[in-house]
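K.L.:
this one's structure only:
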């Protein structure tokens, strides 16, 4: 279970490495998803662009999951004339 932070907490280097590993695992579920940026190698000196890239990965993967959920074919739908 990921650690829960308050606004007063400062993540440690191992916490940040675990976060990046989790984002990498999520990104790895959709390796062929176009337009996914690369993850930064670590959080040392994280730039705004790198932070935005992490957010973009999470957003795009979330959209892909939503699209999969919405594209389900219900039993018999295709054969009943419902295209």
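P.N.:
Right, received. Where do you want to start? Since the structure is predicted, the reported quantities are computational estimates derived from the model, not experimental observations.

K.L.:
would you mind finding the longest helix in the chain?
P.N.:
Using DSSP state H to define each element, the chain has its longest helix at helix 48-70.

K.L.:
low-confidence ranges in this structure?
P.N.:
Within the chain, the segments meeting pLDDT under 70 span 1-2, 73-83.

K.L.:
tell me the centre residue of it?
P.N.:
residue 58 (2.8 Å; C-alpha atoms, centre = their mean).

K.L.:
quick one, what contacts that one?
P.N.:
Residue 58 is in contact with 23, 26, counting by C-beta atoms under 8 Å, 6 or more residues apart in numbering. (Each C-beta comes from the backbone N, C-alpha and C, glycine too.)

K.L.:
change it to 6 Å
P.N.:
By C-beta atoms under 6 Å, 6 or more residues apart in numbering, no residues touch residue 58.

K.L.:
also residue 60?
P.N.:
Taking C-beta under 6 Å, 6+ apart, we find residue 60 in contact with residue 36.

K.L.:
mind checking how far it is from residue 36?
P.N.:
To residue 36, residue 60 is 6 Å away according to C-beta to C-beta, to the nearest Å.

K.L.:
same thing with residue 45?
P.N.:
For residue 45, the distance to residue 36 equals 22 Å [C-beta to C-beta].

K.L.:
quick one, which of these two is more surrounded?
P.N.:
Set residue 45 next to residue 36 and count neighbours by other C-beta atoms under 10 Å: residue 36 wins out with 16 against 7.

K.L.:
which helices and strands does the host helix or strand of residue 21 pack with?
P.N.:
According to DSSP states H and E, residue 21 maps onto helix 13-28. If you count contacts as 3 or more C-beta pairs under 6 Å, 6 or more residues apart in numbering; DSSP states H and E, helix 13-28 packs onto helix 48-70.

K.L.:
buried sites along the helix it packs on?
P.N.:
Of all the residues in helix 48-70, those buried under the rule 16 or more other C-beta atoms under 10 Å are 50, 53, 54, 57, 60, 61.

K.L.:
look up how far residue 9 lies from residue 38.
P.N.:
Taken as C-beta to C-beta, the span from residue 38 to residue 9 is 28 Å.
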